[in-house]
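Enquirer: Here's a sequence, model it:
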Amino acid sequence: MHKENLYLEALELLKQLIAIPSFSKQEDKTADLLAGFLESKGVKIERKLNNVWAFNRHYDPLLPTLLLNSHHDTVKPNTGYTRDPFAATVADGKLYGLGSNDAGSCLVSLLTTFLYFYEQTGLRYNLVFAATAEEEISGKNGLELILPELGELEAAIVGEPTLMQLAVAEKGLLVLDCVAKGRSGHAAREEGLNAIYEALPDIMWFQNFRLPEVSEHLGPVKMSVTIIQAGTQHNVVPDQCQFTVDVRLTDAYSMEEVLEVIRQNVKAEVTPRSMRLKPSSIPLQHPLVKAGIALDRSTYGSPTTSDQALLSIPSLKLGPGDSARSHMADEFIYLHEIEQGIALYIDILERVVK
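Expert: Okay, here's the model as predicted:
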């Protein structure tokens with residue numbers, strides 16, 4: 001199919017997606033739309049909850065498989081919207097609407113790229129396209145749910161707005177619940193052990209400590225104390241102080257290594273909420289990255305978290321749109337970004353799968 005026709009179909013599909021509310025955990029209607037669209041093209045689809053995926057027609061189990069993934073859930077529109085977030089209006093070369101930039105344009109561009117290669121024979125890779133749910137809340141019923149269904153994967157392109165530059169590394173997220181212990185007593189007398197004071201050295205350690213290894217693309221690991229709770233009334237020495245730490249990980253350390261360093265240096269009990277959202281990266285010598293660089297794309301490290309965090313394989317974050325527009329009021333995508341996104345996805349894959 002001609003790239004111009006792919007763009008027009010992608011644009012029409014994106015308008016339809018915008019018109020359907022698809023907040024995280026409520027993506028069933030957009031999943032219906034995506035499944036129906038693929039089936040109308042003669043594609044055999046699979047579905048689990050609100051996730052839809054499909055393999056290229058000439059799938060060969062002896063070949064490595066490349067995943068093309070993006071999400072179809074959105075955040076809820078914020079109060080700053082001056083346009084109907086579900087109207088999908090075009091004005092001044094832009095398509096406005098909730099999810100247009102994050103990540104609807106990436107989703108439809110990857111989907112139409114998949115269709116471009118769907119019938120082709122003699123490819124060096126299998127392709128699997130997956131439109132997944134719950135990305136905005138890092139939910140367990142999105143990409144993580146269907147990964148076992150996709151078989152062994154060699155690498156992935158994760159569609160997120162990157163201005164079609166190559167995000168070759170992405171920070172991981174580790175949220176820690178910390179509890180400093182004391183003994184309660186009356187504040188007027190020399191009683192008890194104030195848990196707030198016990199927590200202070202730990203909090204200062206998080207503020208001042210720097211892990212020595214610095215990632216080439218992501219910089220240092222960043223640790224921030226973001227929530228603190230202690231005490232019940234003014235005249236009682238608190239026996240417990242709870243605080244929360246936001247840790248942004250890089251590819252320089254594993255999640256387990258960072259957690260071990262923290263536990264060796266603070267007195268508080270440290271409990272990670274999750275060990276799922278790991279940092280990710282892809283070697284600069286990987287064929288996907290080399291293909292992008294050959295097409296004048298630049299590489300960088302992404303500070304934001306995506307479904308890449310759930311993948312244990314080399315993955316490249318790449319897509320039309322601008323991350324700075326994500327979750328903003330009156331979200332939009334430039335029409336030319338969609339057209340260029342499809343063309344670049346195809347050009348990169350032409351250099352890798354053929």
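
Enquirer: and residue 100, backbone torsions?
Expert: Main-chain torsions, residue 100, degrees, to the nearest 10: phi -60, psi -40.

Enquirer: could you list every residue that touches it?
Expert: Shown in contact with residue 100 (C-beta atoms under 8 Å, 6 or more residues apart in numbering): 14, 18, 88, 321, 331-333. (Glycine included, C-beta is placed from N, CA and C.)

Enquirer: State the mean pLDDT of the longest helix seen in the chain.
Expert: If each helix of the chain is counted by residues according to DSSP state H, the longest one is helix 335-353. The average pLDDT within helix 335-353 is 97.

Enquirer: Summarise which helices and strands that helix is packed against.
Expert: Using 3 or more C-beta pairs under 8 Å, 6 or more residues apart in numbering; DSSP states H and E as the contact test, the elements touching helix 335-353 are helix 3-18, strand 65-71, strand 94-96, helix 105-118, helix 287-294.

Enquirer: which residues touch that helix?
Expert: 3, 6-7, 10-11, 14, 66, 90, 93-95, 105-106, 108-110, 112-113, 116-117, 123-125, 127, 157, 164, 287-288, 290-292, 294-295, 297, 318-321.

Enquirer: Then stretch 13-29?
Expert: Outside stretch 13-29, the residues touching it (C-beta under 8 Å, 6+ apart) are 30, 33-34, 37, 50, 72-76, 85-88, 95, 97-100, 104-105, 107-108, 111-112, 133-137, 139, 141, 333, 338.

Enquirer: now the helices and strands packed on helix 335-353 in TSV, with mean neighbour count?
Expert: Formatted as TSV, those follow (neighbours: other C-beta atoms under 10 Å):
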stretch	mean neighbour count
helix 3-18	19
strand 65-71	26
strand 94-96	21
helix 105-118	27
helix 287-294	18
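
Enquirer: Go through the ones you listed and name the closest to residue 192.
Expert: strand 65-71 (49.6 Å; C-beta to C-beta).

Enquirer: next one: the closest one to chain centre, how far?
Expert: With C-alpha atoms, centre = their mean, to the nearest Å as the basis, strand 65-71 stands 12 Å off its chain's centre.

Enquirer: Check which element follows that strand along the chain.
Expert: Per DSSP states H and E, the first helix or strand lying C-terminal to strand 65-71 is strand 90-91.

Enquirer: pLDDT (mean, whole number) over that next one?
Expert: 97.

Enquirer: So which other helices or strands are in contact with that strand?
Expert: Applying 3+ C-beta pairs under 8 Å, 6+ apart, one finds that strand 90-91 makes contact with no other helix or strand.

Enquirer: Adjacent strands (with direction) for it?
Expert: strand 94-96 (antiparallel) (DSSP bridges).

Enquirer: Neighbour-wise, give me the winner out of the contacts of residue 100.
Expert: Within the contacts of residue 100, most neighbours by other C-beta atoms under 10 Å means residue 333, with 30 neighbours.

Enquirer: is that one in a bridge, and if so with what?
Expert: As for beta bridges, residue 333 partners with residue 95 under DSSP bridges.

Enquirer: ok, residue 307 - contacts?
Expert: Residue 307 neighbours (C-beta under 8 Å, 6+ apart): 69, 71, 132, 135, 142-143, 158.

Enquirer: now the angle between helix 105-118 and the longest helix of the chain, please.
Expert: Inter-element angle recorded for helix 335-353 and helix 105-118: 40 degrees (by axes from the mean of the first three to the mean of the last three C-alpha atoms, to 10 degrees).

Enquirer: List the buried residues for helix 335-353?
Expert: Within helix 335-353, the residues scored as buried using 16 or more other C-beta atoms under 10 Å are 335, 337-346, 348-349, 352-353.

Enquirer: So which of those residues is the closest to residue 210?
Expert: The nearest one, if we look at these relative to residue 210 and count by C-beta to C-beta, is residue 348, at 36.5 Å.

Enquirer: Residue 188 versus the closest one, what's the distance?
Expert: Distance from residue 348 to residue 188, counting by C-beta to C-beta, to the nearest Å: 70 Å.

Enquirer: re earlier: columns distance to residue 60, secondary structure and pLDDT on top of the contacts of residue 307, output as JSON lines?
Expert: Formatted as JSON lines, the contacts of residue 307 follow (distance: C-beta to C-beta, whole Å; DSSP: H, G, I helix; E, B strand; the rest coil; pLDDT from 0 to 100):
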{"residue": "69", "distance to residue 60": "20", "secondary structure": "strand", "pLDDT": "98"}
{"residue": "71", "distance to residue 60": "28", "secondary structure": "strand", "pLDDT": "98"}
{"residue": "132", "distance to residue 60": "24", "secondary structure": "strand", "pLDDT": "98"}
{"residue": "135", "distance to residue 60": "29", "secondary structure": "helix", "pLDDT": "97"}
{"residue": "142", "distance to residue 60": "27", "secondary structure": "coil", "pLDDT": "98"}
{"residue": "143", "distance to residue 60": "24", "secondary structure": "helix", "pLDDT": "98"}
{"residue": "158", "distance to residue 60": "24", "secondary structure": "strand", "pLDDT": "98"}
